[in-house]
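>>> Just need the structure, nothing else, for what follows:
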Amino acid sequence: MNIAETPPTERRRKALAAVKELGPQRTEQAVLKVRCPASHTVAAVYKTTEGPVVVSASGPGGRGSRDREATGHHGDKLDSEFVDTLEATQFEDDVIPAGCACGPRTLSRKKLQDAVASHTHVVNLT
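Numbers count the residues shown, from 1 in each chain. Below you'll find the model as predicted:
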């Protein structure tokens, strides 16, 4: 995919389709995981057919076995995921939204790219 010529909405749609191709066991295929100080997984980067794709949780949610899953009135999940290619155009913001049970966070697209390039497997946020 040519990132410079692909609109952001189309790029995100292709990234989502590429992540869905990985199947239900996609966590085993992550090349990079991002964790908060409490060891919650905040985001992950996957190697896909569209290139490296970042998937981050966009809101707080229960993490325990007894926690209820947040669901809207029409059956849609309230805790959705932000999915995008790790590469973006120079005109886009470097910030990627993320969150976990500890609260909202922001991730740097550039720092995630550097971590993938250096073959880092886990990034721990401070």
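>>> From the contact counts, what lies against the lengthiest helix in the chain?
Secondary structure of the chain per DSSP state H: the longest helix is helix 8-21. Contacts defined by 3 or more C-beta pairs under 8 Å, 6 or more residues apart in numbering; DSSP states H and E place helix 8-21 against strand 41-48, strand 51-57, strand 81-85. For every residue, glycine as well, the C-beta is placed using N, CA and C.
>>> Turn these into TSV, including mean pLDDT, distance to D114 and mean neighbour count.
Listed next are the helices and strands packed on helix 8-21 as TSV, based on pLDDT from 0 to 100; distance: least, C-beta to C-beta, whole Å; neighbours: other C-beta atoms under 10 Å:
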stretch	mean pLDDT	distance to D114	mean neighbour count
strand 41-48	95	12	21
strand 51-57	94	12	22
strand 81-85	93	16	19
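>>> Would you reformat these as TSV and include distance to V34?
Shown next, in TSV, are the helices and strands packed on helix 8-21 (distance: least, C-beta to C-beta, whole Å):
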stretch	distance to V34
strand 41-48	4
strand 51-57	8
strand 81-85	12
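>>> quick revisit: show me what counts as buried in the longest helix of the chain.
11-12, 14-16, 18-19 (16 or more other C-beta atoms under 10 Å).
>>> between the helices and strands packed on helix 8-21, which gets nearest to T6?
strand 81-85 (8.8 Å; C-beta to C-beta).
>>> sorry, back to before: of all the helices and strands packed on helix 8-21, which lies closest to Q29?
Proximity to Q29 (C-beta to C-beta) singles out strand 41-48 among these, at 5.8 Å.
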